[in-house]
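Asker: based on what follows, work out the 3D shape:
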Amino acid sequence: MRNKIYSIGILVKSSLLVFVVLMMMQQHALAQPLVSKYFLNEMSGNNKINAAFVPEYGYYSLPVLGQFGGSIHSTSGLSDFLFPLNGKYALFMNKAVDANDFLSRLDPNTTINQTLQFDILSFGFFTKRNSFWSFGIGYRENLHLNLPYDFFAMAKKGMSSSSSLYDLKSIRMEQNNIADVTLGYSRKIGSKFRVGLNAKLLVGLTSARIKYEKFDVLFDQNQFKVDATGDAVLISDAISFPLDEKGNFKFGDYNLNTSKIKPAGYGAAFDLGITYNPIKKLTISASVNDLGSLKWNSAAVKHGVAAGGVVFAGFNDIDATNVDIQAQLDQMKEDAKGLMQFKETPVTESYTYDLPTITRVGAEYSLFGNPKHDISVGVMYQNYSSKLYSNQEMVGALNLRPLSWLMVSGTAAMLTKDYNRYGFALSFSPCWFNFYIASDFVTPNVNHQFIPIDAFNLNFETGFSIPFGKSRRKVAKAPAVLLPPPPPPAPVEMPIAPIDSMTVVPVDDSLAAPAIPDTLVIAPVDSALMVVGDSLSKDTTSVKAVMDTLNQVVPVVDQIAVVPLVVELAAPTLKTPQSVTTIAATKPKATVKKGKATTKKTTKTTARKPTSKKTTVKK
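Answerer: Purely as a prediction, here's the structure:
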């Protein structure tokens, strides 16, 4: 087929009918978003599916190859429009094709939805606390087309039938080309939640739309009379259309001025995502993508209104001997030019485009909980919603990870009854590259030219990126566990050997309580220990006070020799005890100064009776 619809730039080159047939029979641009890659957990760029998803590594994607994909959905296939004739195939417009047989195959509305997207530049990286940042520049194109049953009935039966009225107001067409600049961020909250946000700047490139409020076509007296109310809008600074003698746009011709290529509008959109791990092996996720809109510049808008009272000669019957499909399409193109006419009018309002919104909810359960070798099962619900088209899908998935760097996912659409409902996704993710490929509907019924024969859903996506940084599995740490402080050590009681006998010097009760000496010296005296008090109070002294002090500061001495003390004081004078029993010490020499003690081990000590030598404590 020579006629092709290209994704960059809206070039309305022919009639709507020719465009429809070509789109049904060609797959040059592959409509609903891909779902099979949803469970490729560590795929680079998976934050575009759910803003809270993160890959295993940081990554840099190659231009265009980082992500490239498209999709097309149609409620009709090739078998609805081509019929075998004399060993070849003829278009439904051929006179030899029975009208009732053809029309019985059609739904009340035939729809086509097509998308195309790719990355111009993208990269992502991890920061502290397992936070993830991403940046990307991408391009997206989408098309929605709807044709009512009466459109094909009029084209087939047309002038061969009696007087009849055809209602074509359900005809819709919209196509948009948009670039976006995206900044994404996600982070963990606690140990079970992760949230993410993608903020997008939208840059409008081109747009085209056709919409009718009324479109009645009456066949009478061998001609069609068109009574239509609607409008057509083309938005582009670089593309313009000439006008015919009646002031109608000539969509078959166009002028492209490359010097005027510039953005035709701006907007913003957001993606929101969250994941939750209620238990170790279960992950629940939810996301909403493309919450936003784009406003087109009024200076770039070309606006036309449908002309009422148009007389149309109708689709001419095609000779049954002519089975050249291309020739039949060319004739249909010429006949259809007179059906849809729009007269240029001044632009009186601004135009806003609301992005199609995609909502996803999913759950995945790991059978083994092993990040390197695992099997998991998942289920995901997706809702695609726009002003012109909406679709809901439920998908079940079986995911296999035989190796830490290889993952395979198989999916089955639960709401689709025909066999064309199985998907497949494959991801290679060693530490030096990441490659993935995915398709939702991999078993369409096609002919030898790979053109779908029946109603079909086709989509695919592939991507290649270069990882960098450390693996997320390696750097992720379990949350710290705060342990209670250890209990304080139990006090250690150092037992002192009991003293067999001791004579305590009586102290006058009228004296004040003795003061604790500043310095105590324990020195050996003939293999025994003698306690000497220094700097005692002038007023009094007591053996009991010395013993109390020793109990506090020298607990290591097992046995202590206590000798008589003589204190020379002006008044009163203490009498020296006549005898004090000396107990041999088994502990070493010790010097105690204000609570500090040092020891030197003695070889042997022997208990002896105290000598009569006096010890004088000087002030």
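Asker: measure residue 259 to residue 237 for me?
Answerer: 10 Å (Cβ to Cβ, to the nearest Å). All C-beta spots, glycine's among them, are computed from the backbone N, C-alpha and C.
Asker: so those two - more neighbours on which side?
Answerer: Each of residue 259 and residue 237 has its neighbours counted (other Cβ atoms under 10 Å); residue 237 has more, 18 against 7.
Asker: all strands of the stretch 301-450 of the chain, in order?
Answerer: Here the stretch 301-450 of the chain has its strands, by DSSP state E, counting those that start in this stretch, at 301-306, 310-312, 342-345, 351-354, 357-366, 374-385, 390-403, 406-413, 422-428, 434-439.
Asker: residue 197: which of the ones you listed is closest?
Answerer: Closest to residue 197 of the strands of the stretch 301-450 of the chain, according to Cβ to Cβ: strand 357-366, at 15.6 Å.
Asker: could you check the angle strand 390-403 makes with that closest one?
Answerer: 30 degrees (axes from the mean of the first three to the mean of the last three Cα atoms, to 10 degrees).
Asker: what's in contact with strand 357-366?
Answerer: The contact list for strand 357-366 (Cβ atoms under 8 Å, 6 or more residues apart in numbering) reads 33, 38-39, 49-50, 281-291, 374-386, 397, 399.
Asker: quick one: buried ones out of those residues?
Answerer: Among those, those classed as buried by neighbour count (16 or more other Cβ atoms under 10 Å) are 33, 38-39, 49-50, 283, 285-291, 374, 376, 378-382, 384, 386, 397, 399.
Asker: hey, what's the closest residue to residue 461 other than its chain neighbours bridged with?
Answerer: Nearest non-adjacent residue to residue 461, counting by Cβ to Cβ, 6 or more residues apart in numbering: residue 69, 3.0 Å away. Judged by DSSP bridges, the bridge partners of residue 69 are residue 117, residue 461.
Asker: and residue 69, how far from residue 34?
Answerer: Taking Cβ to Cβ, one finds residue 69 at 6 Å from residue 34.
Asker: for these two, list the residues in contact with both.
Answerer: Listed as contacting both residue 69 and residue 34 by Cβ under 8 Å, 6+ apart are 459, 460, 461.
Asker: nearest to residue 229, of those?
Answerer: Nearest to residue 229 among these, with distances taken as Cβ to Cβ, is residue 459, at 36.0 Å.
Asker: which stretch of helix or strand covers the nearest residue in space to the closest one that is not next to it in sequence?
Answerer: Leaving aside its sequence neighbours, residue 459 sits nearest to residue 71 (Cβ to Cβ, 6+ apart; 3.2 Å). Here residue 71, judged by DSSP states H and E, is contained in strand 68-74.
Asker: could you point out the helix or strand that follows that strand?
Answerer: strand 82-85.
Asker: the helix or strand just after that following strand pairs with which strands, parallel or anti?
Answerer: Downstream of strand 82-85, the next assigned helix or strand under DSSP H and E is strand 88-91. In the sheet, strand 88-91 lines up against strand 82-85 (antiparallel) (DSSP bridges).
Asker: quick one: end-to-end distance for stretch 248-268.
Answerer: Terminal residues of stretch 248-268 lie 34 Å apart, using Cα to Cα, to the nearest Å.
Asker: show me what counts as buried in that stretch.
Answerer: For stretch 248-268, using 16+ other Cβ under 10 Å, the buried residues are 248, 249, 251, 254, 264, 265, 267.
Asker: from these, which shows the smallest pLDDT?
Answerer: Within those, residue 251 has the lowest pLDDT, namely 73.
Asker: is it correct that that one is in contact with residue 241?
Answerer: Yes - with contact defined as Cβ atoms under 8 Å, residue 251 counts as touching residue 241 (6.2 Å).
Asker: how much does the strand holding residue 71 deviate in direction from strand 374-385?
Answerer: When the same axes, to 10 degrees is applied, the directions of strand 68-74 and strand 374-385 differ by 60 degrees.
Asker: tilt between strand 68-74 and strand 434-439?
Answerer: With the same axes, to 10 degrees as the basis, strand 68-74 and strand 434-439 are set at 10 degrees to each other.
Asker: please name every helix or strand in contact with strand 68-74.
Answerer: Strand 68-74 sits against helix 16-25, strand 109-126, strand 456-468, with contacts defined as 3 or more Cβ pairs under 8 Å, 6 or more residues apart in numbering; DSSP states H and E.
Asker: right, and the helix or strand after the first one?
Answerer: Along the chain past helix 16-25, the next helix or strand (assigned with DSSP H and E) turns out to be strand 58-61.
Asker: packing partners of that next one?
Answerer: By 3+ Cβ pairs under 8 Å, 6+ apart, strand 58-61 packs against strand 109-126, strand 456-468.
Asker: just the C-alphas of it, formatted as CSV.
Answerer: Taking C-alpha atoms only, strand 58-61 is exported to CSV below (Å, rounded to 0.1, in the frame of the first residue of the first chain):
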residue,chain,number,x,y,z
GLY,A,58,20.6,3.1,38.0
TYR,A,59,20.5,3.3,34.2
TYR,A,60,21.2,5.3,31.1
SER,A,61,19.0,4.6,28.0
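Asker: for the nearest residue to residue 59 once chain neighbours are set aside, give me its contacts.
Answerer: Closest residue to residue 59 apart from its sequence neighbours, by Cβ to Cβ, 6+ apart: residue 44 at 4.0 Å. Residue 44 makes contact with 55, 57, 59, 61, 66, 124, 429, 434, 436, 463, 465, 467, according to Cβ under 8 Å, 6+ apart.
Asker: okay, the third one: pLDDT?
Answerer: Looking back up the chat, that one is residue 59. What the model reports as pLDDT for residue 59 is 93.
Asker: if I read this right, it contacts residue 468, doesn't it?
Answerer: Yes - contact status for residue 59 versus residue 468: in contact at 6.9 Å, counting by Cβ under 8 Å.
Asker: those two: which is more packed in?
Answerer: More crowded of residue 59 and residue 468, by other Cβ under 10 Å: residue 59, with 24 against 14.
Asker: contacting residues for the more buried one?
Answerer: Residue 59 neighbours (Cβ under 8 Å, 6+ apart): 44, 45, 123, 124, 434, 465, 466, 467, 468.
Asker: do the same with residue 39
Answerer: When contacts are counted by Cβ under 8 Å, 6+ apart, residue 39 touches 362, 364, 376, 378, 380, 397, 399, 409, 425.
Asker: out of these, flag the one nearest to residue 168.
Answerer: Proximity of the contacts of residue 39 to residue 168 (Cβ to Cβ) peaks at residue 380, which lies at 37.8 Å.
Asker: the closest one: what's its closest spatial neighbour, skipping adjacent residues?
Answerer: Residue 380's closest residue in space is residue 362 (Cβ to Cβ, 6+ apart), at 3.8 Å.
Asker: do the same with residue 40
Answerer: Counting by Cβ to Cβ, 6+ apart, residue 427 is the residue found nearest to residue 40 once chain neighbours are left out, at 4.5 Å.
Asker: how close does that neighbour sit to residue 275?
Answerer: To residue 275, residue 427 is 18 Å away according to Cβ to Cβ.
Asker: okay, now the unreliable bits of the protein?
Answerer: 1-32, 158-163, 221-222, 252, 307-339, 416-420, 442-456, 473-483, 492-619 (pLDDT under 70).
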